[in-house]
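**Student:** sequence first, predicted model second:
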Amino acid sequence: MARVFNFSPGPAVLPEAVLQQARDELLDWHGSGTSVMEMSHRGKEFMGIATKAEADLRELMNIPANYKVLFLQGGASAQFAMVPMNLLRGKKSADYINTGEWSKKAIKEAKLYGAVNVAASSEAAKFSTVPPQKDWKLDPNAAYVHYTPNETIGGVEFSFVPATGNVPLVADMSSTILSRPIDVTQYGLIYAGAQKNIGPAGLTIVIVRDDLLGQVLPGTSSMFDYKIHAENESMYNTPPTYAWYIAGLVFEWLKKNGGLKAMAEINQRKAGKLYAAIDASGGYYKNPVEIRSRSWMNVPFTLKDDKLDEPFLKGAKAAGLVQLKGHRSVGGMRASIYNAMPEAGIDALITHMHDFMQHNG
């Protein structure tokens, strides 16, 4: 069976070259006679895989030496709790920016551990925009400022990095990490679930500045303490070894294909094509997000009549385009176009959109 164009928001499409390499190495990794998923996480073979993966990620993102890189479990959702556990550091409250469903979940979890100041929110605008920073009500005494650079469900993306002065900036980059270059030094902590731009579900990356380690809330379990994971090189318990290995293959693929600068150019072009097709449809297709806040990674759109949704999806599947149904809270369609989505997939989707409109006008 031929592979389809998979627009899933996560677990998402992986580079075909990575899947082929993983297939070829599945039973016997580099002459070891075992699969990576069978290896001891403390054996020299896997330790070599882990060390290279971290080194490649550091190179791709230009991560300074005073930041720890952790390979953890629990998804970004676990980080909603681990961030306040580790970063409140004796302070009473933290600032959060509310721009969508994932921001709301982070806020709800943080309230279990301290006071939350929602410094800005676009909920009144149905999460169709990012509030301009001039309107934010930041607390200079906050422990940290948390935001979600890209909201996967609503397709809302920040076009700027918030300026927070001496207050550490925390970002849930699950759906934007590795899609473009960033300046890691602007952040105190970055976290990301792997299943969009890094690898399979089960792995979570945390990049945290050294000075933010070691001041957890009283009673915090060792498993939720960044410092303990850092001291044990993410091997305090058995890590998600196979997901870590696949992530390493993805990092190699990115390096071979021009790194994050090249990815940014491709991703911007892919998104630009798709938005242009939506905007040129005369209202047949609509994107609900303010233009300046449109996401490169997740493109929601509705049809002129929601009765057309099922025929559109049926036709898309027949054309080899899958996982386009929008989130239940938004409706319509959503095309998630992460790094591994080839430009040919965007072209095929645009062709289907045009043909469907012509036959169902």
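**Tutor:** Sure thing, it's come through. Fair warning: this is a prediction, and the values are worked out from it, not measured in the lab.

**Student:** okay, CA-based contacts and neighbour counts for the rest of this
**Tutor:** Will do.

**Student:** export stretch 193-206 to PDB, keeping only CA atoms.
**Tutor:** Coordinates of each C-alpha in stretch 193-206 appear next as PDB, following Å, rounded to 0.1, in the frame of the first residue of the first chain:
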ATOM      1  CA  GLY A 193       6.200  16.700  23.600                       C
ATOM      2  CA  ALA A 194       8.000  14.700  20.900                       C
ATOM      3  CA  GLN A 195       5.100  13.600  18.800                       C
ATOM      4  CA  LYS A 196       4.900  16.500  16.400                       C
ATOM      5  CA  ASN A 197       8.300  17.600  15.200                       C
ATOM      6  CA  ILE A 198      10.700  15.300  17.100                       C
ATOM      7  CA  GLY A 199       9.600  11.700  17.100                       C
ATOM      8  CA  PRO A 200       7.000   9.200  18.400                       C
ATOM      9  CA  ALA A 201       4.800   9.800  21.400                       C
ATOM     10  CA  GLY A 202       6.300   8.900  24.700                       C
ATOM     11  CA  LEU A 203       9.300  11.300  24.800                       C
ATOM     12  CA  THR A 204       9.300  14.800  26.200                       C
ATOM     13  CA  ILE A 205      12.200  17.200  25.800                       C
ATOM     14  CA  VAL A 206      13.000  19.800  28.500                       C
END
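
**Student:** and Ile49, how many neighbours?
**Tutor:** Per other CA atoms under 10 Å, the neighbour tally for Ile49 reads 18.

**Student:** any idea how far Met37 is from it?
**Tutor:** Separation of Ile49 from Met37 (CA to CA, to the nearest Å): 12 Å.

**Student:** what does Asp210 give?
**Tutor:** 31 Å.

**Student:** in the stretch 201-350 of the chain, which spans are strands?
**Tutor:** If DSSP state E, counting those that start in this stretch is used as the criterion, the strands of the stretch 201-350 of the chain fall at 204-209, 285-286, 298-303, 321-322, 333-336.

**Student:** okay, those in CSV with distance to Asn197 next?
**Tutor:** Formatted as CSV, the strands of the stretch 201-350 of the chain follow (distance: least, CA to CA, whole Å):
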stretch, distance to Asn197
strand 204-209, 11
strand 285-286, 26
strand 298-303, 12
strand 321-322, 18
strand 333-336, 11
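
**Student:** list of residues touching stretch 335-346?
**Tutor:** 5-9, 12-16, 175, 179, 196-197, 263, 266-267, 270-271, 273-274, 296-300, 321, 323-324 (CA atoms under 8 Å, 6 or more residues apart in numbering).

**Student:** please convert the buried members of those into PyMOL selection syntax.
**Tutor:** Buried subset of the contacts of stretch 335-346, written as a PyMOL selection, criterion 16 or more other CA atoms under 10 Å:
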select buried, resi 5+6+7+8+9+12+13+14+15+175+179+196+197+263+266+267+270+271+274+296+297+298+299+300+321+323+324
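
**Student:** packing partners of the helix or strand hosting Gln21?
**Tutor:** Using DSSP states H and E, Gln21 sits in helix 16-24. In terms of contacts (3 or more CA pairs under 8 Å, 6 or more residues apart in numbering; DSSP states H and E), helix 16-24 is packed against helix 241-256.

**Student:** so for the longest helix along the chain, mean pLDDT?
**Tutor:** Counting by DSSP state H, the longest helix found in the chain is helix 259-279. The pLDDT scores in helix 259-279 average 98.

**Student:** which elements pack onto that helix?
**Tutor:** Using 3+ CA pairs under 8 Å, 6+ apart: helix 259-279 touches helix 44-61, strand 285-286, strand 298-303, helix 343-359.

**Student:** switch the cut-off to 7 Å
**Tutor:** helix 343-359 (3 or more CA pairs under 7 Å, 6 or more residues apart in numbering; DSSP states H and E).

**Student:** okay, buried residues for the helix it packs on please.
**Tutor:** Glu343, Gly345, Ile346, Ala348, Leu349, Ile350, His352, Met353, Phe356, Met357.

**Student:** then stretch 125-134?
**Tutor:** Phe127, Ser128, Thr129, Val130, Pro131.

**Student:** how about TSV for those residues, with distance to Arg292 added?
**Tutor:** Below are the buried residues of stretch 125-134 laid out as TSV (distance: CA to CA, whole Å):
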residue	distance to Arg292
Phe127	13
Ser128	10
Thr129	8
Val130	8
Pro131	11
